[in-house]
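A.B. asks: From the sequence below, what's the structure:
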Amino acid sequence: MATLFARSVARTSVGSALRSSKVVSASSRLGVVRLTSYFTPAHEYVKVEGNIGTVGITDFAQSALGDIVFVDLPEVDDDFEKGDSFGSVESVKAASDVYAPVAGKVIETNDNISDDPGLVNTAAETDAWFIKLEISDASELDGLMDEAAYKEHCDKEAH
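C.D. replies: You can find the predicted model right below:
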């Protein structure tokens with residue numbers, strides 16, 4: 001006999017979970033140091049300073065996912081190729097894998113979002129980054145979108 005409160009969550013990419021979303025939100029970037037930011041079609045970002053990339057999900061992604069209740073992060077020293085799943089986020093709506101926008105070695109994880117997953121909803125592109133990695137091949141950044149192209153991408157998805 002099936003339980004009345006059975007829950008089924010399909011694990012997808014962040015981008016797949018957002019395809020039907022109509023949410024568009026703007027992110028603000030304040031501060032003295034301007035990092036070079038790149039974005040994937042699946043709504044991950046990487047902010048690059050030197051050979052270090054700070055990776056997370058975009059504000060667009062967190063808005064579409066809803067209240068984030070769990071974040072799974074890799075271990076420091078884990079290596080990932082571009083496109084590898086390195087973690088996941090679970091919201092009240094869905095569970096989604098998060099993918100590495102570039103290849104690299106994890107040098108730091110953000111324990112703050114493990115302890116308080118809701119931080120992703122309030123500071124997705126600032127304090128709620130997922131990992132910092134040492135970028136293996138900077139040429140992989142060439143295949144990612146800049147901020148203007150990403151905004152256009154989000155506008156198309158929202159309509």
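
A.B. asks: Okay, now the unreliable bits of this protein?
C.D. replies: 1-35 (pLDDT under 70).

A.B. asks: Tell me which stretches of it form strands.
C.D. replies: Assigned by DSSP state E, the chain shows strands spanning 11-13, 36-39, 44-49, 52-57, 68-72, 79-80, 85-91, 95-99, 104-109, 131-135.

A.B. asks: I'd like to know which of these is closest to L119.
C.D. replies: Closest approach to L119 among the strands of the chain is made by strand 68-72 (8.2 Å; Cβ to Cβ). C-beta here means a position set from N, CA and C on the backbone, and glycine is covered the same way.

A.B. asks: could you give the angle of that closest one to strand 85-91?
C.D. replies: Angle between the axes of strand 68-72 and strand 85-91 is 160 degrees (criterion: axes from the mean of the first three to the mean of the last three Cα atoms, to 10 degrees).

A.B. asks: most packed of the strands of the chain?
C.D. replies: Most buried of those, by mean neighbour count (mean count of other Cβ atoms under 10 Å): strand 52-57, with a mean of 25.

A.B. asks: And the contacts of it?
C.D. replies: For strand 52-57, contacts defined as Cβ atoms under 8 Å, 6 or more residues apart in numbering pick out 14, 35, 43-48, 65, 86, 89, 98, 100-102, 104, 107, 110, 120, 124-125, 128-135.

A.B. asks: middle-most residue in the protein, spatially?
C.D. replies: For the chain, the residue nearest the mean C-alpha position is I57 (1.9 Å; Cα atoms, centre = their mean).

A.B. asks: Just grab the bridge partners of it for me.
C.D. replies: I57 forms beta bridges with E44, as assigned by DSSP bridges.
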